[in-house]
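J.: coords please:
(one chain, ligands or ions: 1)
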Amino acid sequence: MDTWISSLSSSNYNLFFFTTISFLVSALFFMKYLRRSKVNLPPGPPGWPIVGNLFQFSRSGKQFFEYIKDLQQIYGPIFTIQMGTRTIVIITTPELAHEALIEKGTILASRPKENSTRTIFSSNKFTVNSADYGPVWRSLRRNMVSEMLSSTRLKGFYGVRVTAMDRLIDRFKTEAESTQGVVSVIKNVRFAVFCILTSLCFGVEMDEETIVKIDETMQSVLYTVMPRLDDYLPLLSLFYLKQRKKAKQVRENQIKTLVPFIERRRSSIANPELDTTEAKFSYLDTLFELKVEGRKSSMSNAELVTLCSEFLNGGTDTTSTAVEWGIARLIQNPEIQRKLYEDIKSTVGDRVVDEKDIPNLVYLNAFTKELLRKHPPTYFTLTHSVAEPVKLAGYDIPTYVGLEFFLTAIAEDPKHWSDPVQFNPDRFLCGKEDADLTGIRGVKMMPFGIGRRICPGMNMGTLHVNLIIARMVQAFEWCAPDDATEIDFSEKLVFTVLMRNPLQAKIKPRV
Ligand code: HEM
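T.: Sure thing, here's the model as predicted:
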């Protein structure tokens with residue numbers, strides 16, 4: 001949300017034009033105001049005409065989640081902000097999340113209208129995450145879960161993970177040789193996760209150069225769909241023609257990069273004898289065959305690109321961000337690192353830790369849960385919207401509102417956690433303070449969301465975080481590059497919440 005400010009100042013203003021537009025917008029807003037003033041929305045900071053709270057936010061100099069934290073102190077568990085034309089309701093407590101996403105789950109399971117850039121990249125809302133709650137969403141989601149993410153399917157991809165983990169440890173060793181032991185955490189972990197997901201998605205093992213190229217394409221897509229000022233003030237879109245042109249180029253490049261893999265897979269299914277190196281099964285295969293409710297035609301290549309990109313993006317940044325924060329916590333707390341290593345050593349002995357060991361690694365599981373509580377990779381769920389007007393906490397929620405669930409506030413609610421700000425995996429040992437991540441038995445933390453739209457990759461995401469951390473801690477002792485350095489825990493909101501300064505860590509191989 002920060003990026004639009006700089007682009008605005010660089011735009012070439014035409015004063016007369018802007019004034020006329022402002023007048024028209026004011027009239028429009030006034031009419032909208034008359035209509036909306038009858039609605040009993042949750043309270044919130046008074047806004048300015050046209051822009052609402054947009055400039056108050058930008059002038060606060062804070063990141064979006066910091067601004068929201070401040071407003072929570074003033075307005076309580078549920079409040080409204082007006083960002084230009086967008087009305088956003090923020091929910092910050094477990095009780096209200098339960099009311100919204102479990103008790104009234106079907107009504108709050110929709111997604112808001114998209115801007116024109118997002119529509120290009122979602123093939124007009126043809127993805128699991130963007131589709132409205134209805135037949136298309138059901139078909140796409142059911143396919144993704146049952147064919148790729150169920151526990152049986154996950155087990156079938158065991159070999160892919162073993163290869164990726166061995167490669168990860170080797171990469172750390174190689175990097176450390178030329179840097180006196182200092183390695184970049186997120187870069188290598190991201191690469192490992194991406195290797196797994198590309199293999200599952202396209203059914204091929206790829207060389208490093210190809211994987212890096214696809215990853216760069218995916219990252220440029222994520223940056224292109226990030227919010228801009230004209231998402232909030234659509235009439236300013238005239239000043240963003242260059243960005244819209246750029247978005248089309250990024251889309252073309254995304255299609256150009258991924259279509260060859262789609263064609264290759266098609267041809268290898270048609271002629272299995274030609275390439276024996278390909279995997280027996282991939283996400284693409286399921287999409288080739290999928291019948292989407294309410295559609296007669298099969299998917300176009302552009303739609304296949306969109307769905308494959310969703311699969312790759314959904315699990316890469318989230319997982320690698322979590323691991324980076326995890327290693328930062330281990331460096332900050334050598335005692336926690338020692339306990340984790342002891343847990344692995346006493347459970348698996350001298351052999352390499354395997355994903356089948358994970359259910360027995362009690363401390364590792366507690367550590368990962370605490371990691372996802374304290375550092376949910378995204379601070380908000382994806383935006384929800386309502387299919388029909390509904391009441392929440394006694395307030396009106398009309399259909400034009402976007403709902404944001406503030407995950408860190410929910411996971412640090414002092415009514416539900418002892419010493420909530422403290423990073424302490426022990427809280428999950430011996431059932432002292434447990435939490436059901438699905439929210440069905442009550443909500444205390446929800447790093448994957450809850451209800452109808454809960455992350456379908458929850459099992460895979462948790463498995464990857466557990467496995468990567470176990471392998472990294474078994475192979476190396478982790479410390480700060482210079483033993484005196486304090487880890488900087490400040491955050492930067494991009495798509496996930498990253499460490500402001502990407503973590504550099506010193507590794508010492510364990511003997
Ligand atoms: C640690 C890892 C992960 C975390 C923390 C995470 C978190 C989330 C969150 C917070 C949401 C939004 C839920 C909502 O809107 O209420 C979500 C949705 C989603 N995630 Fe994940 N995710 C992770 C891994 C994955 C993986 C591995 C995949 C697939 C390969 C995936 C695919 C998706 C999809 C498709 C959605 C949209 C669901 C829908 O709208 O029905 N995620 N995830």
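
J.: How far away from the center of its chain is stretch 180-189?
T.: 22 Å (C-alpha atoms, centre = their mean, to the nearest Å).

J.: Now do the end-to-end distance for that stretch.
T.: 19 Å (C-alpha to C-alpha, to the nearest Å).

J.: repeat for stretch 177-191
T.: First-to-last residue span, stretch 177-191, C-alpha to C-alpha: 19 Å.

J.: Same question for it: list its buried residues.
T.: Gly181, Val183, Ser184, Val185, Ile186, Asn188, Val189, Arg190, Phe191 (16 or more other C-beta atoms under 10 Å). C-betas here are computed from N, CA, C, even on glycine.

J.: Which pair of those residues spans the longest distance?
T.: Farthest-apart pair in the buried residues of stretch 177-191 is Gly181 and Arg190; separation 20.4 Å (C-beta to C-beta).

J.: Residues of this structure that sit close to the ligand?
T.: Counting by C-beta under 6 Å from any ligand atom, the chain comes close to the ligand at 128-129, 141, 310-311, 314-315, 318-319, 322, 377-378, 381-382, 447-449, 453, 455-457, 460-461, 465.

J.: give me the low-pLDDT residue ranges for the stretch 201-350 of the chain?
T.: Scanning the stretch 201-350 of the chain for pLDDT under 70 picks out the ranges 275-277.

J.: Correction: the previous question concerned the chain.
T.: Applying pLDDT under 70 to the chain picks out residues 1-37, 275-277, 483-484.

J.: Can you show me the strands along it?
T.: Using DSSP state E, the strands of the chain run over residues 78-83, 86-91, 182-184, 390-392, 395-397, 401-405, 476-479, 491-493, 497-499, 504-509.

J.: Could you check how far Gln225 is from the ligand?
T.: Let me fix one detail, which is that residue 225 is Val and not Gln. 15 Å (C-beta to the nearest ligand atom, to the nearest Å).

J.: ditto for Ile358
T.: Remark: distance between Ile358 and the ligand (C-beta to the nearest ligand atom) = 14 Å.

J.: Just confirm that residue contacts Asn365, I think it does.
T.: Yes: taking contacts as C-beta atoms under 8 Å, Ile358 lies within contact range of Asn365: 7.3 Å.

J.: who touches both of these two?
T.: By C-beta atoms under 8 Å, 6 or more residues apart in numbering, Ile358 and Asn365 have these common neighbours: Asn466.

J.: Just want the residue of the stretch 151-300 of the chain that's nearest the ligand.
T.: Leu197 (6.3 Å; C-beta to the nearest ligand atom).

J.: okay, now the nearest residue to that residue once chain neighbours are set aside: neighbour count?
T.: Once flanking residues are discounted, Leu197 sits nearest to Leu312: 5.1 Å by C-beta to C-beta, 6 or more residues apart in numbering. Leu312: 24 surrounding residues under other C-beta atoms under 10 Å.

J.: ok, now Leu140?
T.: Residues lying near Leu140 (other C-beta under 10 Å) number 23.

J.: Now do the contacts for it.
T.: If you count contacts by C-beta under 8 Å, 6+ apart, then Leu140 has Phe126, Thr127, Val128, Ala131, Leu290, Val292, Leu307 around it.

J.: List just the nearest of these to the ligand.
T.: The ligand has its nearest neighbour among those in Val128, at 3.9 Å by C-beta to the nearest ligand atom.

J.: Contacts only, for the closest one.
T.: Trp137, Leu140, Arg141, Met144, Glu310, Pro456.

J.: In contact with the last one: list those residues for me.
T.: This means Pro456. Pro456 touches Val128, Arg141, Met144, Val145, Leu149, counting by C-beta under 8 Å, 6+ apart.

J.: go with 6 Å
T.: Met144, Val145, Leu149 (C-beta atoms under 6 Å, 6 or more residues apart in numbering).

J.: Buried among the residues of the chain next to the ligand? Need that as a selection in ChimeraX.
T.: In ChimeraX, a selection of the buried entries from the residues of the chain next to the ligand looks like this (16+ other C-beta under 10 Å):
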select :128,129,141,310,311,314,315,318,319,322,377,378,381,447,448,449,453,455,456,457,460,461,465
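
J.: Please report how far the closest residue to the ligand within the stretch 401-511 of the chain lies from Asp70.
T.: At 2.2 Å from the ligand, Gly457 is the closest residue in the stretch 401-511 of the chain, using C-beta to the nearest ligand atom. Using C-beta to C-beta, to the nearest Å, we find Gly457 at a distance of 32 Å from Asp70.

J.: can you check Arg338 too?
T.: Distance, Arg338 to Asp70, using C-beta to C-beta: 38 Å.

J.: one step back: now, of the contacts of Pro456, which are buried?
T.: Met144, Leu149.

J.: Distance to Ile214 for the contacts of Pro456 - can I get that in TSV?
T.: Formatted as TSV, the contacts of Pro456 follow (distance: C-beta to C-beta, whole Å):
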residue	distance to Ile214
Met144	19
Val145	24
Leu149	20
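
J.: if you look at the contacts of Pro456, which of them are in helices?
T.: Of the contacts of Pro456, the ones assigned to helices by DSSP state H are Met144.

J.: nearest to Thr347, of the contacts of Pro456?
T.: Closest approach between those and Thr347, by C-beta to C-beta: Leu149, at 26.4 Å.

J.: Just confirm that closest one contacts Met458, I think it does.
T.: No: counting by C-beta atoms under 6 Å, Leu149 stays clear of Met458, with 8.3 Å between them.

J.: My guess is the residue of the stretch 151-300 of the chain closest to the ligand contacts Asp317. True?
T.: No: contact criterion C-beta under 6 Å: Leu197 and Asp317 do not qualify, at 11.1 Å.

J.: who has more neighbours, the two?
T.: Neighbours were counted for Leu197 and for Asp317 using other C-beta under 10 Å; Leu197 has more, 29 against 23.

J.: do you know how far the more buried one is from Lys492?
T.: With C-beta to C-beta as the criterion, Leu197 and Lys492 are 23 Å apart.
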